[in-house]
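Student: how would this look folded up:
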Amino acid sequence: MLFALICHDKPNRLELRLQHRPDHLAYLEGHADQLVYAGPLLGEDDRDPAGSLLVLDVPDRGSAEAFAAGDPYARAGLFARVDILQTKQVFPKR
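Tutor: Below you'll find the predicted structure:
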């Protein structure tokens, strides 16, 4: 099942994001088999991160929730909220 994780950073937390970025990237590498897409959401300046967007291919919602909770960014308190939405791929066709 595909799940989109839309992670919204708390305001003025760029330093916290940068501090935990190496651990976050290592976490993603450790779960590369589950990742369809991962990248930052950019703020209004089109430069600084304002959050993260991840699309996971996992067995169920509980797995997506566990992934989100284990992210070093989440454990560090970077996110104001994380929306987890089931999705399906329409294009390109698999």
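
Student: Tell me where the chain has helices.
Tutor: Under the criterion DSSP state H, the chain contains helices at 14-30, 61-70, 72-75.

Student: Tell me which of those helices is the most buried.
Tutor: Scoring the helices of the chain by mean neighbour count under mean count of other CB atoms under 10 Å gives helix 72-75 as the most buried, with a mean of 18. C-beta here means a position set from N, CA and C on the backbone, and glycine is covered the same way.

Student: Contacts made by it with the rest, please.
Tutor: 7, 17, 20, 23-24, 26-27, 52, 68-69, 79, 82 (CB atoms under 8 Å, 6 or more residues apart in numbering).

Student: and those residues as CSV, adding pLDDT and distance to Leu35?
Tutor: Shown next, in CSV, are these (pLDDT from 0 to 100; distance: CB to CB, whole Å):
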residue, pLDDT, distance to Leu35
Cys7, 98, 14
Arg17, 97, 19
His20, 98, 18
Asp23, 98, 16
His24, 98, 12
Ala26, 98, 13
Tyr27, 98, 10
Ser52, 98, 12
Ala68, 98, 13
Ala69, 98, 16
Phe79, 98, 18
Val82, 98, 16
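
Student: Which two among those residues are spaced furthest apart?
Tutor: The most widely separated members of the contacts of helix 72-75, counting by CB to CB, are Ala26 and Val82 (19.3 Å).

Student: about what we covered before: to Pro40, which of the helices of the chain lies closest?
Tutor: Per CB to CB, nearest to Pro40 of the helices of the chain: helix 14-30, 8.6 Å.

Student: Could you dump the helices of the chain into TSV and include distance to Gln86?
Tutor: Output for the helices of the chain, formatted as TSV (distance: least, CB to CB, whole Å):
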stretch	distance to Gln86
helix 14-30	21
helix 61-70	7
helix 72-75	19
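
Student: that older thread, can you tell me which of the contacts of helix 72-75 is nearest Pro92?
Tutor: Once CB to CB is applied, the member of the contacts of helix 72-75 that ends up nearest Pro92 is Ser52, at 22.9 Å.

Student: who's in contact with the closest one?
Tutor: Contact analysis of Ser52 by CB under 8 Å, 6+ apart lists 5-7, 9, 38-41, 73.
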